[in-house]
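**Q** sequence-free structure coming up:
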Ligand code: SF4
Ligand code: SF4
């Protein structure tokens, strides 16, 4: 496991966004996207892909693309300035002094219900973990962390080698 990867995950592993999305499970913030790209690049180089790829394959562009993905900044997480700029959900929950929307006293009056539902369902569809009820945060983080280490693609962070 690379030191950078540990650092990335450590930074976001305790952050649950105001909408309930667990930043620790996001491949952009926890380092998975970068690690997958690095390992893929290493593998294709080790196999000499450039030598035997199809003739119309543009290896230079391919390499450029992988480098560009590797250079995408690691998101610091919703509670540390990451996430959507000017997020209305974050602003609203903060104005009500809530840890997240599951504590909202009047969810039926939520002006952001549509975007909140869209964020949560989109995140779940992409494999992220989302808190939508009043579960204990510490228990949830323990359970999610264990699941993250076993499941694709984030398990790559916790595998030796490479
Ligand atoms: S920025 Fe907004 S949408 Fe993104 S994780 Fe935070 S609360 Fe959720
Ligand atoms: S009103 Fe909506 S966005 Fe605001 S805290 Fe309640 S559920 Fe979250």
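**A** Nice, I can see it. Since this is a predicted model, take the numbers as computed values, not measurements. Ligands and ions are numbered 1, 2, ... in the order given.
**Q** rest of the way, CA atoms for contacts and neighbours
**A** Will do.
**Q** how about the residues of this structure near ligand 2?
**A** With the criterion set to CA under 6 Å from any ligand atom, the chain comes near ligand 2 through 89, 92-93, 101, 104, 107, 110, 112-113.
**Q** filter these down to the buried ones, ChimeraX style.
**A** Only the buried entries of the residues of the chain next to ligand 2 go into this ChimeraX selection, using 16 or more other CA atoms under 10 Å:
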select :89,92,93,101,104
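**Q** now, the residues of the chain next to ligand 2 that are in helices?
**A** 89, 92-93, 113 (DSSP state H).
**Q** so which two of those are the farthest from each other?
**A** 93 and 113 (12.4 Å; CA to CA).
**Q** residues touching stretch 132-152, excluding its own?
**A** 13-14, 19-20, 25, 101-103, 129, 154-155, 157-158 (CA atoms under 8 Å, 6 or more residues apart in numbering).
**Q** hmm, 10 Å instead?
**A** 13-16, 19-22, 24-25, 32, 100-103, 117, 120, 127-131, 154-159 (CA atoms under 10 Å, 6 or more residues apart in numbering).
**Q** again with stretch 119-131
**A** For stretch 119-131, the surrounding residues in contact (CA under 10 Å, 6+ apart) are 16-27, 89, 100-102, 113, 115-118, 132, 137, 140-141, 144-145, 147-148, 151-154.
**Q** tell me the buried residues in the helix or strand encompassing residue 141?
**A** Here residue 141 sits within helix 137-150, counting by DSSP states H and E. Neighbour-count burial for helix 137-150, counted by 16+ other CA under 10 Å, picks out 141, 144-145, 148.
**Q** now swap in stretch 60-76 and tell me
**A** Quick answer for stretch 60-76 (16+ other CA under 10 Å): 70, 74-76.
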